[in-house]
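1. no sequence on this one, just coordinates:
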C-alpha cells in the first residue's frame, strides 16, 4: 500500500489493516481523484443520477459532460445491464461464508460476469474486478488470462501499474488509469490489450524501461521501442511531437500525450508490450482473447 500511496508512510495503524480496510481506502481515494466539478455535481443531481452510477457511465462516455449530454433512454439501458451483473455478484456472495473468504483470497475476485456486459458467447472469458488503485471503474469485467482476479497477482499489478505511470510521467505524479490490461472494452468489443493512462494533454511521455532501445514508427499513432537484447517491444500510442531519435534510454522523452489515431476518448497514452522484436501490436477490436504480453512486467527483461 505504501508503494502505491506514499502518503500512508506515517500511518501507524497500517500494519493492522484488513483487506477490507485497504479496499475502502482505495475506493475513497478514487472517489476524490475522479470527483466531478461543483457544476457537474448539480447537473448530475438534476438528471436524477447517483455519483456512483455517473462514474460507472464514464466507462462508456469518457467525461462527465458527455454523460450528461446522453439521452435518458441510453443511460437507463446501460445502467440496467450494470445492475444486473451487480445482482449476480450479490447472489454469488450469499454462497460464500467468512471461512471461505479467509482461506481463499486467491479467488476473491472470481465472480462471473452477467451476460449483459460482454457478448454472451464470451462471458466465461471475464470476471468482475471490484476495484483497482487509481482506476475510475469499479466492478469492471477483466479477462481471466490477465490474472487480476488472483489476490496476489492483483497486488503485484497494482504496484507495477503505479510504478510504470510514475516512470512515464514523473515520480511526483498522481496516477489516472482509464483502462487496464484485459478490461472489457465496450468501444472495441474485446479485451483491452494494454494500459491506458492519463497525465493531461501535452504531458511529456518518458521511456520507462531499463536500458536502451531502438525507435520505430510504423504508423502516425504508434511509436515502438524495440529492446533486442530482451526480445521485447514496447508500444506507445496516440502521442504527438514524437521523438526524432532512432534510439532512446531510460527517462528519455518519447513525445507528448495526445489523441492521435483512435484515442477518441480524449488525450491519453496507451502502453502495451509484445513478445519479440516487432512493429505489430494486438488489437481489442472484436477480440475476446488476451494476446499481448503482460505490460506489468515491463522492467523484468
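-> Sure, I can see it. Note that the structure is predicted; figures quoted are calculated from it, not measured. Residues are numbered from 1 along each chain as shown.

2. need the helix or strand of the chain with the lowest average pLDDT.
-> Lowest by mean pLDDT, DSSP states H and E among the helices and strands of the chain is helix 98-103, with a mean of 39.

3. need the contact list for the closest residue to residue 237 other than its chain neighbours.
-> Spatially, and ignoring its direct neighbours in sequence, residue 237 is nearest to residue 270 (3.9 Å; Cβ to Cβ, 6 or more residues apart in numbering). Quick note: C-beta positions are derived from backbone N, CA and C, even for glycine. Residues near residue 270 by Cβ atoms under 8 Å, 6 or more residues apart in numbering: 179, 194-196, 235-238, 263.

4. same check, this time on residue 229
-> residue 211.

5. Tell me the secondary structure of it, please.
-> helix (DSSP: H, G, I helix; E, B strand; the rest coil).

6. Pull up the gap between it and residue 272, please.
-> 20 Å (Cβ to Cβ, to the nearest Å).

7. which residues in the chain form strands?
-> 126-129, 140-143, 177-179, 184-185, 190-191, 195-197, 204-206, 212-219, 222-227, 232-237, 247-249, 253-256, 269-275 (DSSP state E).

8. In JSON lines, list those strands along with mean pLDDT.
-> Below are the strands of the chain laid out as JSON lines (pLDDT from 0 to 100):
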{"stretch": "strand 126-129", "mean pLDDT": "90"}
{"stretch": "strand 140-143", "mean pLDDT": "92"}
{"stretch": "strand 177-179", "mean pLDDT": "92"}
{"stretch": "strand 184-185", "mean pLDDT": "90"}
{"stretch": "strand 190-191", "mean pLDDT": "94"}
{"stretch": "strand 195-197", "mean pLDDT": "96"}
{"stretch": "strand 204-206", "mean pLDDT": "98"}
{"stretch": "strand 212-219", "mean pLDDT": "96"}
{"stretch": "strand 222-227", "mean pLDDT": "97"}
{"stretch": "strand 232-237", "mean pLDDT": "98"}
{"stretch": "strand 247-249", "mean pLDDT": "97"}
{"stretch": "strand 253-256", "mean pLDDT": "98"}
{"stretch": "strand 269-275", "mean pLDDT": "97"}
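
9. so which of these gets nearest residue 154?
-> strand 126-129 (7.6 Å; Cβ to Cβ).

10. So for residue 117, what's the nearest residue that isn't a sequence neighbour?
-> residue 141 (5.2 Å).

11. For the one you found, give the beta-bridge partners.
-> residue 128 (DSSP bridges).

12. My guess is it contacts residue 119. True?
-> No: Residue 141 lies out of contact with residue 119 (Cβ atoms under 8 Å); the separation is 11.3 Å.

13. neighbour-wise, which of the two wins?
-> Per other Cβ atoms under 10 Å, whichever of residue 141 and residue 119 has more neighbours is residue 141, with 25 against 13.

14. which stretches of the stretch 1-150 of the chain aren't confidently modelled?
-> The stretch 1-150 of the chain contains residues with pLDDT under 70 at 19, 82-116.

15. tell me the contacts of the residue nearest the centre of the chain?
-> In the chain, the residue lying closest to the centroid (Cα atoms, centre = their mean) is residue 180, at 2.5 Å. Going by Cβ under 8 Å, 6+ apart, residue 180 touches 132, 135, 140, 142, 146, 148, 157, 161, 192, 195-196.

16. ok, now with 10 Å
-> By Cβ atoms under 10 Å, 6 or more residues apart in numbering, the residues touching residue 180 are 129, 132, 134-135, 137, 140, 142, 146, 148, 157-158, 161, 192, 194-197, 295-296.

17. check contacts around residue 23.
-> With Cβ under 10 Å, 6+ apart, residue 23 has these contacts: 17, 108, 130-131, 138.

18. my bad, should have said residue 46
-> Counted by Cβ under 10 Å, 6+ apart, residue 46 has contacts residue 68.
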